[in-house]
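J.: Dropping the sequence and predicted coords here.
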Amino acid sequence: MSAVQLEGGFAHLSHDAAHAFRAALQAMARPGRIESVALARPPAPCSPAAGALILTLCDTTTPIHLAPSHDDAGLRAWIAFHTGAPLVAPEDAMFALGTWGALCPVDRFAIGTSAYPDRAATLIVEMDALEAKGAVLRGPGIKDRAALSLPEVAAFQDNRRRFPLGFDCYFTCGDRLAGLPRSTHVEG
């Protein structure tokens with residue numbers, strides 16, 4: 001293992017993990033809200049925000065799928081060292097990391113069951129840009145409406161129609177992240 005794989009975790013474990021967890025919760029509770037979290041230094045191609053989510057939300061009981069855009073030996077070793085999370089096929093993943101194009105088709109990921117809707121995957125989508133403009137968002141956690149630069153609209157509209165089933169998403173770019181739960185209505 002190289003120093004990059006051993007390093008790059010949270011410098012102040014409990015403080016940084018608490019900050020990242022709060023940012024993750026705020027982003028998912030308020031769709032379209034962009035949070036900053038630059039506490040992790042994962043190896044490329046993983047962004048600091050995506051790395052912070054992995055460090056905060058994943059452990060030995062949360063299988064992760066790395067899409068081809070992020071399936072890198074250095075990143076695999078970093079995840080193994082810092083979280084112990086098993087790397088799995090898309091259909092077995094609780095979390096998936098990659099660019100939108102590399103994660104598609106998204107119907108490969110778990111959407112939960114009627115008895116257990118919480119057994120759905122959460123996608124961590126790495127973006128080139130993340131801005132509070134573009135698609136219009138409405139629903140729980142949004143006062144009137146919000147906007148977010150999504151990679152497409154149709155897949156999220158289809159996902160909402162399955163509610164309470166469906167996947168949840170985090171979008172990351174550099175040290176920024178935003179959440180999009182399956183309960184959010186997305187308009188083009």
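T.: Now that the structure is in, tell me what you want to look at.
J.: counting contacts, what elements does the helix or strand containing His15 pack onto?
T.: For His15, the host element (DSSP states H and E) is helix 13-29. Applying 3 or more CB pairs under 8 Å, 6 or more residues apart in numbering; DSSP states H and E, one finds that helix 13-29 contacts strand 35-36, helix 48-57, strand 168-173, strand 176-180. Yep, even glycine has a C-beta here, placed from its N, CA and C like the rest.
J.: can you give me the mean pLDDT across it?
T.: The average of the pLDDT scores along helix 13-29 is 91.
J.: same thing with stretch 88-102?
T.: Across stretch 88-102, the average pLDDT comes to 98.
J.: Around Cys104, how many other residues sit close by?
T.: Counted by other CB atoms under 10 Å, the residues lying close to Cys104 total 14.
J.: likewise the one 10 residues further on?
T.: The criterion is other CB under 10 Å. On that basis, Ser114 has 7 neighbouring residues.
J.: Where does it sit: helix, strand or coil?
T.: Per DSSP: H, G, I helix; E, B strand; the rest coil, the secondary structure class of Ser114 is coil.
J.: so where's the protein shaky on pLDDT?
T.: 1-8, 12 (pLDDT under 70).
J.: hmm, 80 instead?
T.: Across the chain, the ranges flagged by pLDDT under 80 are 1-13, 38-39.
J.: How about the spatially most central residue of it: which residues does it bridge to?
T.: Centroid-nearest residue in the chain, with CA atoms, centre = their mean: Ile124, separated by 2.4 Å. Counting by DSSP bridges, Ile124 forms beta bridges with Leu97, Tyr170.
J.: Give me the distance between it and Ser14.
T.: The gap separating Ile124 from Ser14 is 23 Å, by CB to CB, to the nearest Å.
J.: So what's the residue count around His19?
T.: By the measure other CB under 10 Å, the count of residues near His19 is 19.
J.: got a list of what the residue lying closest to it once chain neighbours are set aside touches?
T.: Closest residue in space to His19, ignoring its immediate chain neighbours: Leu39 at 6.3 Å, by CB to CB, 6 or more residues apart in numbering. Shown in contact with Leu39 (CB atoms under 8 Å, 6 or more residues apart in numbering): 10-11, 16, 19-20, 48, 52.
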